[in-house]
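*Asks:* structure, please.
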Amino acid sequence: MAKRIKVNGQYHEVAADPQTPLLYVLRNELGLHGPKFGCGLAQCGACTVHYAGEATRSCVLPVGVIEGEVITVEGLGSADKPHPVQAAFVDAQAVQCGYCINGMVMTAAALLQKTPKPTEEQIRGALDNNLCRCGTHIRIIKAVKLAAGASK
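*Replies:* The predicted structure is shown next:
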């Protein structure tokens, strides 16, 4: 079955079973490798995208239900013009192995869209369900504060 979806501002015709997780379509059909396969259970955050204005786990979102635009980390910003969260993650040196960063960046960007000046507690709460094994949490929180203009 062909499905027309809008990803990062462009429409794509994808040939996938409607129950196929969006993550597989993004990676295997569209070549977008920012969202990662982590757990496949929506528990780690590595596959996070923006859908319907929310940070959404693409590993459990069937492509058949997609109606609005999907934004991946590739569509958030570019090397020439990074999103403020992406730039802050670089400035704060918040990336170590990089596996969780897609989820951290996408979740932080969604938080800042709704809460431009979050408290540290709000930042920690928003990122609570994103797993990072490298232990760069302090730098990740610093990066979100930088992006919000709230770094101290």
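*Asks:* against which helices or strands is the biggest helix by length in the chain packed?
*Replies:* Counting residues, the longest helix found in the chain (DSSP state H) is helix 101-114. If you count contacts as 3 or more C-beta pairs under 8 Å, 6 or more residues apart in numbering; DSSP states H and E, helix 101-114 packs onto strand 48-51, strand 54-57, helix 73-76, helix 84-91, helix 120-127, helix 137-148. The C-beta positions use only the backbone N, C-alpha and C, and glycine is treated the same way.
*Asks:* contact partners for the most centrally placed residue in the chain?
*Replies:* Nearest to the mean C-alpha position of the chain, by C-alpha atoms, centre = their mean, lies Met106 at 2.9 Å. Applying C-beta atoms under 8 Å, 6 or more residues apart in numbering to Met106 gives the contacts Thr48, Val49, His50, Ala55, Thr72, Val73, Leu76.
*Asks:* scan those and report the most crowded one.
*Replies:* Thr48 (32 neighbours; other C-beta atoms under 10 Å).
*Asks:* and that one, what is it in contact with?
*Replies:* So Thr48 contacts Pro35, Ala55, Thr56, Arg57, Ser58, Asn102, Gly103, Met106, Thr107, Asn130 (C-beta under 8 Å, 6+ apart).
*Asks:* widest-spaced pair of those residues?
*Replies:* Ser58 and Asn130 (13.7 Å; C-beta to C-beta).
*Asks:* okay, those two: which has more neighbours?
*Replies:* Between Ser58 and Asn130, counted using other C-beta under 10 Å, Ser58 has the larger neighbour count: 29 against 24.
*Asks:* pretty sure that one contacts Leu30?
*Replies:* No - here Ser58 does not reach Leu30: they are 11.5 Å apart, not a contact under C-beta atoms under 8 Å.
*Asks:* how close does Ala147 sit to Gln96?
*Replies:* Counting by C-beta to C-beta, to the nearest Å, the gap from Ala147 to Gln96 is 18 Å.
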